[in-house]
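> Got a sequence here, can you build the structure:
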Amino acid sequence: MTDTVTDESSRVDAGSGHRHETHPDIIKRLKRADGHLRSIIEMIESERACLDIAQQLHAVEKAVCEAKRVLIRDHIDHCLDEAVGSTGRDQRRTLDEFKAITKYL
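Next up is the predicted model:
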């Protein structure tokens with residue numbers, strides 16, 4: 001069921017034209033991670049040492065997590081501001097605190 005929701009959300013975003021400045025950087029990161037992942041598969045097939053494979057898997061994991069973090073923070077920084085519109089000082093402070101805490105995702 002979760003996959004269906006994810007797929008439906010992806011279709012909605014794809015059709016709505018959401019494009020941010022960070023998207024090209026995210027694409028580069030993910031393409032790099034994709035290349036590393038393919039290398040890891042080759043490493044496993046050629047029976048490389050588990051330590052080497054684990055190090056490379058860790059690098060791919062970090063790259064994907066960083067891409068996700070950048071995407072979420074960018075979405076919050078731009079889309080949330082757009083959705084909320086102009087707000088009072090107290091509401092703005094709450095929104096700014098929310099944005100700040102996302103650094104810890």
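> Going by C-alpha atoms from here, please, whenever you check contacts or count neighbours.
Noted.
> where does the chain dip in pLDDT?
Applying pLDDT under 70 to the chain picks out residues 1-17.
> Check the gap between the residue nearest the centre of it and H23 for me.
Centroid check for the chain by CA atoms, centre = their mean gives K68 as the closest residue, at 1.4 Å. Using CA to CA, to the nearest Å, K68 is found at 11 Å from H23.
> same question, D74
9 Å.
> Equivalent analysis for K103, please.
In terms of CA to CA, K103 sits 18 Å off from H23.
> between these two, which one's more packed in?
H23 (15 against 10; other CA atoms under 10 Å).
> residue contacts, that one?
L71 (CA atoms under 8 Å, 6 or more residues apart in numbering).
> what's the longest helix in this protein?
helix 50-75 (DSSP state H).
> mind checking how far it is from the chain centre?
9 Å (CA atoms, centre = their mean, to the nearest Å).
> cool, stretch 45-58 as well?
24 Å.
> And stretch 64-76, by the same measure?
For stretch 64-76, the distance to the chain centre is 4 Å (CA atoms, centre = their mean).
> C-alpha coordinates for it, PDB please?
What follows is stretch 64-76, C-alpha atoms only, in PDB (Å, rounded to 0.1, in the frame of the first residue of the first chain):
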ATOM      1  CA  VAL A  64      21.300   8.800  -1.400                       C
ATOM      2  CA  CYS A  65      20.600  10.100   2.100                       C
ATOM      3  CA  GLU A  66      22.200  13.400   1.300                       C
ATOM      4  CA  ALA A  67      20.200  13.700  -1.900                       C
ATOM      5  CA  LYS A  68      17.000  13.000   0.100                       C
ATOM      6  CA  ARG A  69      17.900  15.600   2.700                       C
ATOM      7  CA  VAL A  70      18.600  18.300   0.100                       C
ATOM      8  CA  LEU A  71      15.300  17.500  -1.700                       C
ATOM      9  CA  ILE A  72      13.300  17.700   1.600                       C
ATOM     10  CA  ARG A  73      14.900  20.900   2.800                       C
ATOM     11  CA  ASP A  74      14.500  22.600  -0.600                       C
ATOM     12  CA  HIS A  75      10.900  21.600  -0.700                       C
ATOM     13  CA  ILE A  76      10.300  23.000   2.800                       C
END
